[in-house]
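[1] Provided below for reference: sequence and predicted model.
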Amino acid sequence: MKVGFVDDHWLHLHDGLGAAQISSERLYFAIPLRNVASGLAVLHGWTMRGGRPTGETERPTLEEFHRLQRDLYVPAGSVSFWQAALRDPNAPLYVSMREAVQQGSGITVDILYGDHEGGQRAITRFFMSPRTHGNEDEPWLWLCATARHWNLDRADPR
């Protein structure tokens, strides 16, 4: 899967791996997504932090989410991606995410999405971690796993 950014930077995702890359002092992130539901999913926003989530971690508030620069959709029964770039080296999030990528301490990403009618909003938490036996030609490709789901407009799945 080829993921393009507004500054003409490109990442290639494959084998279900996410990306965490430092390039020209910019940070680029991407996660492949699959929609297992029967309707179109629309991504609304994201938030991230360094480190592994714990079982006691609360879901983020809606105010914590960053809006996507473009609309990203995930067709029913198909695949797409989430992406984010951090370009301001003075921003607190940039500093903490650069440290997480450099140290390989893992990254927690929360993605807010819903259906094409604006309902059924949900948050899915992902955890990205460096591969221990990864391809040295593509060190920015990280393992990516779903960690938790929260429904916002109805009861949670647990």
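    Good, I have the coordinates. Numbering: from 1, shown residues only.

[2] Flag the shaky bits of the chain, pLDDT-wise.
    134-135 (pLDDT under 70).

[3] where do the helices sit along it?
    Counting by DSSP state H, the segments of the chain that form helices are 92-103.

[4] Quick check: the closest residue to residue 39 other than its chain neighbours vs residue 80, distance?
    With Cβ to Cβ, 6 or more residues apart in numbering as the criterion, residue 39 has its nearest non-adjacent residue at 5.1 Å, and that residue is residue 115. No exception for glycine: its C-beta is placed from N, CA and C like everyone else's. Between residue 115 and residue 80 the computed distance is 14 Å (Cβ to Cβ, to the nearest Å).

[5] for residue 74, same thing?
    When residue 74 is compared with residue 80 (using Cβ to Cβ), they lie 4 Å apart.

[6] now do residue 68
    Following Cβ to Cβ, the distance that separates residue 68 from residue 80 is 12 Å.

[7] surely residue 119 meets residue 153?
    Yes. The pair residue 119 and residue 153 qualifies as a contact (Cβ atoms under 8 Å) at a distance of 6.0 Å.

[8] Can I get stretch 80-93 in CSV, CA atoms only?
    In CSV, the C-alpha atoms belonging to stretch 80-93 read as follows (Å, rounded to 0.1, in the frame of the first residue of the first chain):
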residue,chain,number,x,y,z
SER,A,80,-7.1,1.5,3.6
PHE,A,81,-4.8,3.4,6.0
TRP,A,82,-4.4,6.0,8.7
GLN,A,83,-1.6,8.5,8.4
ALA,A,84,-0.1,11.5,10.4
ALA,A,85,3.0,13.7,10.1
LEU,A,86,4.6,15.9,12.7
ARG,A,87,6.8,18.6,11.2
ASP,A,88,7.2,21.2,14.0
PRO,A,89,10.3,20.2,16.0
ASN,A,90,9.3,22.6,18.8
ALA,A,91,5.9,21.0,19.4
PRO,A,92,5.7,18.9,22.5
LEU,A,93,4.1,16.0,20.6
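
[9] So which bits of that stretch are buried?
    For stretch 80-93, the neighbour count (16 or more other Cβ atoms under 10 Å) marks 80, 81, 82, 83, 84, 85, 86, 93 as buried.

[10] Cool, thanks, talk later.
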